[in-house]
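In: curious how this folds, go ahead:
(one chain, ligands or ions: 1)
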Amino acid sequence: MGERPGAPTAPPLVLVTDRDSRLIDPTRAYHLGRDPTSEIVLDDPRVSWHHAVLRTAEGHWLLEDVGSTNGTYDQGRRVDREDVGPGTSLRFGDPATGPSAIFAGLPCPAPDERPTLLVPQSSGVFRSPSSVLELPGATVRIGRSQDNDLVLDDLLVSRRHAELRELPGGGHEIVDLDSHNGTYLNGRPVRRAPLGPADIVGIGHSALCLVDGRLVEYTDTGEISLDVQHLVVRVGPDHRVLLDDVGFPLAEKALLAVAGPSGAGKSTLLNALTGLRPADQGTVLYDGRDLYRDYAELRRRIGLVPQDDILHTQLTVRRALSYAAELRFPGDTAPHEREARVSEVIHELGLEERDQQVIASLSGGQRKRVSIALELLTKPSLLFLDEPTSGLDPGMERSVMRMLRGLADDGRTVVVVTHSVLSLNVCDRLLVLAPGGRTAYYGPPTEALAYFGQEEWPEAFEAFESDSAGVCQQRFRTSPQYRRYVTAEAAHPAHPPASAAPVIGREKPQSWLSQLGTLVRRYAAVLAADRLFLTVMIALPFIIGVMCRVMAGSRLTDENSINCLLTLCLGGVLIGSANAVREVVKERAIYRRERVVGLSRSAYLVSKVVVLGTITVAQSAVLTVVGLAGVTLSAQPRPNAPPPVTTGVLMPQVPELIIAIALLAFTSMTLGLVVSAFVDKEETTMPLLVLLAIVQVVFSGLMLKLHGVPGLEQFAWLIPSRWGLSAMARTVDLSRLTVPTPITADPMFRHERGGWLLSMVALPVLALAYGLAVLALLRRHEPTIMRK
Ligand SMILES: Nc1ncnc2c1ncn2[C@@H]1O[C@H](COP(=O)(O)OP(=O)(O)OP(=O)(O)O)[C@@H](O)[C@H]1O
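Out: Okay, here's the model as predicted:
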């Protein structure tokens, strides 16, 4: 935060230069000059490298010219030392046209009036304060509801978010009031921390500074710059370079297209800029603030529309957006507040006439709009899109690009990765990456073809597709375009490499339970809207049940009992696994995105288990009842043999079988989730489902002798069907129902209460172990930043 020579002696001032405005802090000195490491950089050849120093002396501000060549001027008069205060206007290097510095005081806000002056830069650049609050008392409460001392009208802010408290020995501290999205001090999440004069408190889209006993608020309205400096990404043990010293400045409200051949590093760059996979070297400045350092706070202001749709396409537009709003906004937002924001984005993206339409029935371009609408819910200032036009026809592509132009014009910085060159002219800047993640061009798209000396884009791209030595990068570095659009436009001096690895913070907008509630409702709605899934779900237990019933006839006998039990076992296994096997992999893109905006991994898994588990248990009951209704489950009495059992080990046989089959199906469902979390593609799940079913049948104990076979017997304990079938066999006393064979003489098939109860414990334990495996596998697919 810089050096603090002493207590404040002069009032804080606002310094407005040609480039920005900032609050200057009386506790430190400011160097002015061309030197990019100066606190105030005046990038003009008439200004000396070290031109002047601004500091406080005896209760006022003083500007000293430190021997500049072309001088410092106040009202045309050359000055060496000048007292400055509100209203002072100086020029450097030339009395009439040199770069200027105008000083202003901090305003006192009139009641009901929002002050509009320009202001500060402390850890970074801020713009106009949106309010200045005289501290009303020892405690200032900050939050979204109207009864706070400082009301922040922002859905990312909790109703009662934080308090600024006066400390008994002087000074202040900031205290987070268990807010949903957290309170940040200089970019780091804090529960309670003392507050210094140069510190910045981040709450939602606002930054708050304590200046001269007043609380000054700056709101991030979206007009932010992006300054990318020397990004390098390496992977693997050989440190292969995927991104090679990429840097560029991007002004606020700009639309940047990132183009380049396949494998050039566009997605790698996007991951580095969004912080999902931070660069190994280099800095990303979000409006002057180090994005990696302040990631925990700034990540909510970054929107990312991945290439794959992040939508449940079975839902209507409004419903999908409403669920997304529930997950992203603080738990204390009222439904009407969320709905109002959903309506706003629907209107903003021109989706009013489609809002009740099922997303799956929309065109590709409209679907992309819905994905963008979803990201805009939280009002991100930086919006990234990964190939939003891929798969669209040229007309739709143009319309999407025009829409992005509009989003940037409305006050956002938009970065779009694209393969298409059709609509590049709507962009302000074009970054062309050459293989190896090297910059082949950065500048206005209109100048790019001339730069490459080509008339058409394909030829221009061909020129560097085979550039493995980095010739394009070297050529660009020495080009006028590099000087004009990279060096000259860079708003901030190059920062040293980010020292701290970014952290994502643990704050979640919703409590775990509330997330679970939303996820369960959304998942149930998605499944209910999937007609094919519903049909298969209802039909499967009936079909398998009927087959079993036909096999069983009126009674279980020596001939049919093994087949009937195997069919029921296979039915339970198939029902559970088939329900689950696609359910995680099919929404991986959604999961990845929602994880970054606060989704709990365990809440996500439990929502799947709750919904699929309920369905699975109901299906198992149907399967058992249909399969065994009216079937006598006890063996024929035989002469010289003990009387057959007529009841289960604990209760009547049918309920006991329902419990065993339901638990088996439930555990198989969790095993299906393991497969789903493991695979990369939905298509891979079907062969694995078949394999799982075969393994479960083989290791059930009715096809292969397991008891007493070392290795096989122990391996079978990991297979749900071993325990499930054991419980079923114990209920019907299989060992006496059939003529004894090495297989049916298995002790795990005896009519024993203890053994049955052991199965009832083993199956949930297996389900839990599979659940933990799903959690570990889910983590593998998350962005790097989530795994830190
Ligand atoms: N984790 C990784 N380990 C090793 N190499 C990787 C890794 N991720 C990406 N790459 C490689 O880095 C290069 C750049 O990949 P990237 O996905 O960023 O390219 P791209 O320009 O986005 O390609 P496309 O246009 O096909 O999506 C590719 O050659 C890719 O194979």
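
In: what about the closest residue to the ligand within the stretch 551-700 of the chain, which SS state?
Out: At 13.6 Å from the ligand, residue 680 is the closest residue in the stretch 551-700 of the chain, using Cβ to the nearest ligand atom. Backbone N, C-alpha and C define where each C-beta goes, glycine included. Put simply, residue 680 is coil when judged by DSSP: H, G, I helix; E, B strand; the rest coil.

In: quick one: residues contacting it.
Out: Neighbouring residues of residue 680 by Cβ atoms under 8 Å, 6 or more residues apart in numbering: residue 585.

In: spatially nearest residue to the spatially most central residue of the chain, not counting backbone neighbours?
Out: With distances taken as Cα atoms, centre = their mean, the residue of the chain nearest its centroid is residue 596 (2.1 Å). What sits nearest to residue 596 in space, not counting adjacent residues and going by Cβ to Cβ, 6 or more residues apart in numbering, is residue 783, at 6.2 Å.

In: burial count for that neighbour?
Out: 19 (other Cβ atoms under 10 Å).

In: how close does it sit to the ligand?
Out: Taking Cβ to the nearest ligand atom, to the nearest Å as the measure, residue 783 falls 12 Å from the ligand.

In: and that residue, its phi and psi?
Out: Here is the backbone geometry of residue 783 (degrees, to the nearest 10): phi -60, psi 150.

In: surely it touches residue 592?
Out: Yes - counting by Cβ atoms under 8 Å, residue 783 does reach residue 592; the two are 6.3 Å apart.

In: what about residue 244, which SS state?
Out: strand.

In: any idea how far it is from residue 433?
Out: 9 Å (Cβ to Cβ, to the nearest Å).

In: higher neighbour count, these two?
Out: residue 433 (28 against 20).

In: on that earlier part again, now do the contacts for the residue nearest to residue 596.
Out: 271, 276, 277, 592, 595, 596.

In: neighbours of the fourth one, how many?
Out: Meaning residue 592. For residue 592, using other Cβ under 10 Å, the count is 20.

In: is it correct that it is in contact with residue 781?
Out: Yes - between residue 592 and residue 781 there is a contact under Cβ under 8 Å: 6.6 Å.

In: pLDDT score assigned to residue 611?
Out: We note a pLDDT of 97 for residue 611 in this prediction.

In: how about the contacts made by it?
Out: Residue 611 neighbours (Cβ under 8 Å, 6+ apart): 520, 523, 524, 527.

In: let's see 10 Å
Out: 519, 520, 521, 522, 523, 524, 526, 527, 528, 579, 583 (Cβ atoms under 10 Å, 6 or more residues apart in numbering).

In: list the residues that contact both of residue 244 and residue 433?
Out: 265, 439, 473.

In: what's near enough to touch the first one?
Out: Residue 265 is in contact with 231, 233, 241-244, 246, 258, 271-272, 433-438, counting by Cβ under 10 Å, 6+ apart.

In: pick the one among those residues closest to the ligand.
Out: residue 242 (4.4 Å).

In: any idea which element residue 257 lies in?
Out: If you go by DSSP states H and E, residue 257 is part of strand 255-259.

In: each with direction, which strands does that strand pair with?
Out: If you go by DSSP bridges, strand 255-259 pairs up with strand 413-417 (parallel), strand 429-434 (parallel).

In: for the stretch 101-250 of the chain, what lies in contact range of the ligand?
Out: Within the stretch 101-250 of the chain, the residues that sit near the ligand (Cβ under 6 Å from any ligand atom) are 235, 236, 242.

In: for those residues, pick the one with the most neighbours.
Out: Counting neighbours by other Cβ under 10 Å, the top entry in those is residue 242, with 22 neighbours.
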